[in-house]
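Colleague: One predicted model, sequence on top.
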Amino acid sequence: MRLFFTLLAIVLLLPLTVSAEPAKTIDELVAPYDSSKCAECHEEAHENWAKSWHAKSVTDPRVLRAWRTFIIQGLDASPQAKRSDLKHICFSCHAPVTKKVEITDALTEQIADLIITAAEDKDAAKRDAATKELGKLNIGCLACHNIDGSPDGNPQPNTIYGPGDAEDPPHKEEFGFETVKAPFMKTAGFCKNCHHGCPPDMPSSICPTLWSSYEEEYLAHGGDKTCQECHMQGEDGENHRFPGIYEKDFTATGVDLKLSASSTEYVDYFKNQVHPTVVMNVQLKNTSGHGIPHG
């Protein structure tokens, strides 16, 4: 048993020991932030995460298709741009590991090729293989609990950041990881890391984001809830499924809908026809903390 924990500690210590050499393969890129062991103890959180959009931040079909078009119609069509620009434009949020692990231009271009294959290749087996490989880049546990977990943006290696008061967390004794309480993770500013992607000082009129909508249309008018209070609500207050507008029941908590209908007739004078008609009165009010839809 002692040998097992020793080997497990070694496996878990390796992830956050980031190499000075740029990653040349996806496996090299993701290895320092492998979260696979987290599921063994945090089973419920992992199951919820697996159903979330964070778990497919790269591989969601809509993301793949949008990126495919951006690569072909944007980067490839511009003499000033190149595919390796993806790591500066898209990957920092959709594949946060790229913020901490340097990658070669060749690897970024390889990922771009995989995106195009996954989005549009006529061979289903090739699409599936490309999607599976890209799935290694999806947002995992350590994206939030290490990479973005420190309010100063400089997370310490071999450190798990969490918002709670875990008693005798096992990370240190068994795995060699420090466990640091980070109240920052309960603030809306924590979510701003990825849900506000504008350059500094760019006004929201030019670059509207989910964060600017939350700040200008909700907080400025007296709203006081954080993102987590709505999107992580659960029996334990830590729903890692992060429900959003794609869930009907959750969306219903953010809108007031009043609908009335009455029957009448429409007379088409040109064709001498009378058509049964319904007159609809729809009143829709957004009661959420930001514009809907948004992302």
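Modeller: Yes, it's here.
Colleague: so where's the chain uncertain?
Modeller: Counting by pLDDT under 70, the ranges of the chain that qualify are 1-20, 166-168, 235-237, 295.
Colleague: Could you pull out the helices in it for me?
Modeller: 2-13, 26-30, 43-50, 61-69, 86-89, 91-94, 105-120, 124-134, 141-142, 188-195, 210-217, 227-231, 248-252 (DSSP state H).
Colleague: Now tabulate these in CSV and tack on distance to residue 165 and mean neighbour count.
Modeller: Where you see a C-beta, it was placed from the backbone N, CA and C, and this is true even at glycine. Below are the helices of the chain laid out as CSV (distance: least, Cβ to Cβ, whole Å; neighbours: other Cβ atoms under 10 Å):
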stretch, distance to residue 165, mean neighbour count
helix 2-13, 22, 12
helix 26-30, 30, 18
helix 43-50, 16, 16
helix 61-69, 36, 16
helix 86-89, 37, 17
helix 91-94, 29, 19
helix 105-120, 39, 19
helix 124-134, 37, 15
helix 141-142, 19, 23
helix 188-195, 18, 19
helix 210-217, 27, 19
helix 227-231, 16, 17
helix 248-252, 28, 11
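Colleague: looking at these, which is closest to residue 240?
Modeller: helix 43-50 (4.1 Å; Cβ to Cβ).
Colleague: Quick check on the residue lying closest to residue 186 once chain neighbours are set aside: phi, psi?
Modeller: Leaving aside its chain neighbours, residue 186 sits nearest to residue 163 (4.7 Å; criterion: Cβ to Cβ, 6 or more residues apart in numbering). Backbone dihedrals for residue 163, given as degrees, to the nearest 10, come out at phi -80, psi -10.
Colleague: what sits against residue 163?
Modeller: 181-183, 185-186 (Cβ atoms under 8 Å, 6 or more residues apart in numbering).
Colleague: Among those, which one lies nearest to residue 137?
Modeller: residue 185 (22.2 Å).
Colleague: And the residue lying closest to the closest one once chain neighbours are set aside, how close does it get to residue 289?
Modeller: The shortest distance from residue 185 to any non-neighbouring residue, by Cβ to Cβ, 6+ apart, is to residue 163 (4.2 Å). Distance from residue 163 to residue 289, counting by Cβ to Cβ, to the nearest Å: 19 Å.
Colleague: domain parsing for the protein?
Modeller: Taking automatic domain parsing as the reference, the chain has its domains at 2-141, 195-225+244-295.
Colleague: May I see these organised as a markdown table, with distance to residue 154 added?
Modeller: Converted to a markdown table, those look like this (distance: least, Cβ to Cβ, whole Å):
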| stretch | distance to residue 154 |
| --- | --- |
| domain 2-141 | 10 |
| domain 195-225+244-295 | 18 |
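Colleague: Can you tell me which of the ones you listed is nearest to residue 170?
Modeller: domain 2-141 (7.2 Å).
Colleague: on that earlier part again, I'd like the contacts of residue 163 as a markdown table, with neighbour count appended.
Modeller: Formatted as a markdown table, those follow (neighbours: other Cβ atoms under 10 Å):
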| residue | neighbour count |
| --- | --- |
| 181 | 13 |
| 182 | 22 |
| 183 | 10 |
| 185 | 20 |
| 186 | 16 |
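Colleague: Return the closest of those residues with respect to residue 96.
Modeller: residue 185 (14.4 Å).
Colleague: which non-adjacent residue is nearest residue 96?
Modeller: residue 143 (4.2 Å).
Colleague: Could you tell me which residues make contact with the one you found?
Modeller: 33, 54, 96-97.
Colleague: Which of those residues has the largest number of neighbours?
Modeller: residue 97 (26 neighbours; other Cβ atoms under 10 Å).
Colleague: separation between the closest residue to it other than its chain neighbours and residue 101?
Modeller: Closest residue in space to residue 97, ignoring its immediate chain neighbours: residue 33 at 4.9 Å, by Cβ to Cβ, 6+ apart. Using Cβ to Cβ, residue 33 is found at 8 Å from residue 101.
Colleague: shared neighbours, those two?
Modeller: In contact with both residue 33 and residue 101: no residue, using Cβ under 8 Å, 6+ apart.
Colleague: ok now do the nearest residue to residue 27 once chain neighbours are set aside, which residues does it touch?
Modeller: Spatial nearest neighbour of residue 27, chain neighbours left out: residue 136 (7.3 Å); criterion: Cβ to Cβ, 6+ apart. Residues in contact with residue 136 (Cβ under 8 Å, 6+ apart) are 26-27, 30.
Colleague: Okay then, goodbye and thanks.
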